[in-house]
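Trainee: I'll drop the sequence and a predicted model, then ask my questions.
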Amino acid sequence: ALAQTSASTEEIAAPVPDAAAPVTSSYGASTANTELNVISLPALKEPFKEAVPEAGYVFVTGAKGDEWTLRENRRAMEDFRIVTHRLTGVSADQLDLSVEILGQRMPFPFFVAPMGAHQMTHEEGEVATARGAGMAGALYCSSGASNRTLEEIAQATTGPKWFQLYFNQDEAVTKSLLRRAKDAGYSAIVLTADALGPGTPDRFRAMGMPFRSDMSFGNHDPAKGGSGDFFAQKVDLTPDDIRMIKDETGLPVIVKGILRAEDVDPIISGGADAIQVSNHGGRQIDGVPGAISVLPLVVRAVDGRVPVIMDSGIRRGIDVIRALAMGADCVAVGRPVMYGLGVGGAPGVKSVLEALAAELRSDMLLTGARSVAELDPSYISVTGPSAEMQEG
Ligand SMILES: Cc1cc2nc3c(=O)[nH]c(=O)nc-3n(C[C@H](O)[C@H](O)[C@H](O)COP(=O)(O)O)c2cc1C
Ligand SMILES: CCCCCCC(=O)C(=O)O
């Protein structure tokens, strides 16, 4: 039996098995544990709405202010038109989708973006998401705002893992998080530079900010070896903070949330090992450009010194091609992974990642490039507002 939704037939791509819906907690997050027939990542949004509490749906899908940046992340993708090659002799068995970033080999050029508060969506929280990522062989980036502890999450995945840091005002708290991340086997630290705290979509605020009452920030839970207050984030970050993370852990540092070419030099001089172009999925400040629009400007400023990662708006195989051709070394996938979690739990996450890999594989074959390394700007014609930004 399939759950009924109010969406049109075209929008309902993936059936929601009955197993996706049971409600066992007072909050009512999903307990689903099933593989999904993913027709496309965007088409999972409606089943996600059916499978999770309204608060979780609004928190995940919403964005800041008028949500212009959220929409612009998708619209701007259309400015990047793919210029295909023909008769290149590429066959499926020759196609190489693997990449290596910061010493980490990945089977495909995308990974799970750091996202917090997964128990707003699924009872198991990040443990299920990380397990699903591992099942697909994908790198999992664990959010500093996870409900489960970084240690529980590290144990849940069989794949590579990075830890995303929300730098705390209390240096002892930050250093303790970093030490724990290193001890748990995370191989890089992602410093988020573009956030003041949780996303606060207007629709979520209108509901009274209904975070679940039993929600904990696992990494700060004193009962689980944590300390400090998640909300006491240090906002006045400088490049010196990068050095502290490196000194403390000896791990590579990725700075996430960069949208401007001028920011690149001080960040690389500060010791960053990679730059992540992102507008946080439009959740922190509205009105900033689509991430794909500014990617070429940042790539030019980086000039090959460190890898460039991009997220915000990745939904399709062709989006991955667009970003890689414009100079990203890999991309991160955000909200669609949460859709998979809500609708299918760990196997649902695996299904989402495998569906994107399958889509990318066929899109690559039709693009004519043999490998991710072969993609370059010649595969893209930049049009519209994004083209104007490259000139200015
Ligand atoms: C529910 C949710 C929670 C998020 N939490 C974090 C977080 O804890 N740390 C972080 O750096 N980014 C966080 N992000 C931003 C993502 O890492 C990523 O930048 C964003 O989801 C990209 O936009 P997209 O999902 O629309 O592609 C979060 C995003 C969502 C949707
Ligand atoms: C209350 C938990 C917040 C977790 C996610 C924080 C964040 O970065 C976001 O965009 O939201």
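Mentor: Perfect, thanks for sending it. Ligands and ions are numbered 1, 2, ... in the order given.
Trainee: drop to CA atoms for contacts and neighbour counts, all remaining ones
Mentor: Will do.
Trainee: what about the residue in the stretch 51-200 of the chain positioned nearest to ligand 1, how many residues close to it?
Mentor: Minimum separation of the stretch 51-200 of the chain from ligand 1 (Cα to the nearest ligand atom) falls at residue 115, amounting to 3.3 Å. Residue 115: 21 surrounding residues under other Cα atoms under 10 Å.
Trainee: Quick check: closest non-adjacent residue to it.
Mentor: Excluding the flanking residues, the one nearest residue 115 by Cα to Cα, 6 or more residues apart in numbering is residue 143, at 5.3 Å.
Trainee: Equivalent analysis for residue 287, please.
Mentor: Nearest residue to residue 287, sequence neighbours excluded (Cα to Cα, 6+ apart): residue 69, at 5.5 Å.
Trainee: Report pLDDT for the one you found.
Mentor: Note for residue 69: predicted pLDDT of 98.
Trainee: So it belongs to a helix, correct?
Mentor: Yes. Under DSSP: H, G, I helix; E, B strand; the rest coil, residue 69 sits within a helix.
Trainee: my guess is it contacts residue 288, does it?
Mentor: Yes. Under the criterion of Cα atoms under 8 Å, residue 69 makes contact with residue 288 at 6.0 Å.
Trainee: list the residues that contact both of these two?
Mentor: Residues touching both residue 69 and residue 288 by Cα atoms under 8 Å, 6 or more residues apart in numbering: residue 282.
Trainee: Compare those two and say which is more crowded by neighbours.
Mentor: When neighbours are counted by other Cα under 10 Å, residue 69 comes out ahead of the other of residue 69 and residue 288, with 28 against 16.
Trainee: residue contacts, the more buried one?
Mentor: 281, 282, 286, 287, 288, 289, 290.
Trainee: Can you say which two of those residues are spatially most distant?
Mentor: With distances taken as Cα to Cα, the most widely separated pair in these is 281 and 287, at 11.7 Å.
Trainee: what's the burial count for the closest residue to residue 67 other than its chain neighbours?
Mentor: Among residues not flanking residue 67 along the chain, residue 286 sits closest, at 6.3 Å (Cα to Cα, 6+ apart). Close neighbours of residue 286, defined as other Cα under 10 Å, add up to 18.
Trainee: again, but for the one 10 residues further on
Mentor: Residues lying near residue 296 (other Cα under 10 Å) number 22.
Trainee: Check the nearest residue to it once chain neighbours are set aside and give its pLDDT.
Mentor: Of all residues not flanking residue 296 in the chain, residue 326 sits nearest, at 5.8 Å (Cα to Cα, 6+ apart). For residue 326, the model assigns a pLDDT of 98.
Trainee: Can you name the residues that contact residue 326?
Mentor: Counting by Cα under 8 Å, 6+ apart, residue 326 makes contact with 295, 296, 299, 376, 377, 380.
Trainee: Repeat the analysis, applying 10 Å as the threshold.
Mentor: Going by Cα atoms under 10 Å, 6 or more residues apart in numbering, residue 326 touches 80, 292-293, 295-297, 299-300, 320, 375-380, 382.
Trainee: Just the ones of those residues in helices?
Mentor: Counting by DSSP state H, the part of these found in helices is 292, 293, 295, 296, 297, 299, 300, 320.
Trainee: could you dump those residues to a markdown table with distance to residue 194 and pLDDT?
Mentor: Shown next, in a markdown table, are the ones in helices among the contacts of residue 326 (distance: Cα to Cα, whole Å; pLDDT from 0 to 100):
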| residue | distance to residue 194 | pLDDT |
| --- | --- | --- |
| 292 | 17 | 98 |
| 293 | 17 | 98 |
| 295 | 16 | 98 |
| 296 | 19 | 98 |
| 297 | 18 | 98 |
| 299 | 19 | 98 |
| 300 | 21 | 98 |
| 320 | 23 | 98 |
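Trainee: returning to that earlier point: assign the residue nearest to residue 67 to helix, strand or coil.
Mentor: Applying three-state DSSP: residue 286 is coil.
Trainee: Test my guess that it contacts residue 64.
Mentor: Yes. Using Cα atoms under 10 Å, residue 286 is in contact with residue 64, at 5.5 Å.
Trainee: list the residues that contact both of these two?
Mentor: Shared contacts of residue 286 and residue 64 (Cα under 10 Å, 6+ apart): residue 70.
Trainee: Can you mark which positions in stretch 303-315 are buried?
Mentor: In terms of neighbour count (16 or more other Cα atoms under 10 Å), stretch 303-315 has its buried residues at 306, 307, 308, 309, 310, 311, 312, 313, 314, 315.
Trainee: what does the stretch 51-200 of the chain have sitting close to ligand 2?
Mentor: Within the stretch 51-200 of the chain, the positions near ligand 2 by Cα under 6 Å from any ligand atom are 115, 116, 117, 145, 197, 198, 199.
Trainee: returning to that earlier point: what's near enough to touch the residue nearest to residue 115?
Mentor: Counting by Cα under 10 Å, 6+ apart, residue 143 touches 113-118, 126, 149-150, 153, 162-166, 190, 192, 219.
Trainee: cool, and residue 379?
Mentor: Contacts of residue 379 by Cα under 10 Å, 6+ apart are 80-85, 321-322, 324-326, 367-369.
Trainee: could the residues you listed go into TSV alongside secondary structure and distance to residue 130?
Mentor: Listed next are those as TSV, based on DSSP: H, G, I helix; E, B strand; the rest coil; distance: Cα to Cα, whole Å:
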residue	secondary structure	distance to residue 130
80	strand	32
81	strand	33
82	strand	32
83	coil	35
84	coil	35
85	coil	37
321	helix	25
322	helix	27
324	helix	25
325	helix	28
326	coil	29
367	helix	31
368	coil	33
369	coil	31
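Trainee: Now the buried members of those.
Mentor: 80, 82, 321, 322, 324, 325, 326, 367, 368, 369.
Trainee: re earlier: filter the contacts of residue 69 down to the buried ones and express that as a PyMOL selection.
Mentor: In PyMOL, this line selects whichever of the contacts of residue 69 come out buried by 16+ other Cα under 10 Å:
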select buried, resi 281+282+286+288+289+290
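Trainee: Please convert the contacts of residue 69 to TSV, extending it with pLDDT.
Mentor: TSV is the format used below for the contacts of residue 69 (pLDDT from 0 to 100):
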residue	pLDDT
281	98
282	98
286	98
287	98
288	98
289	98
290	98
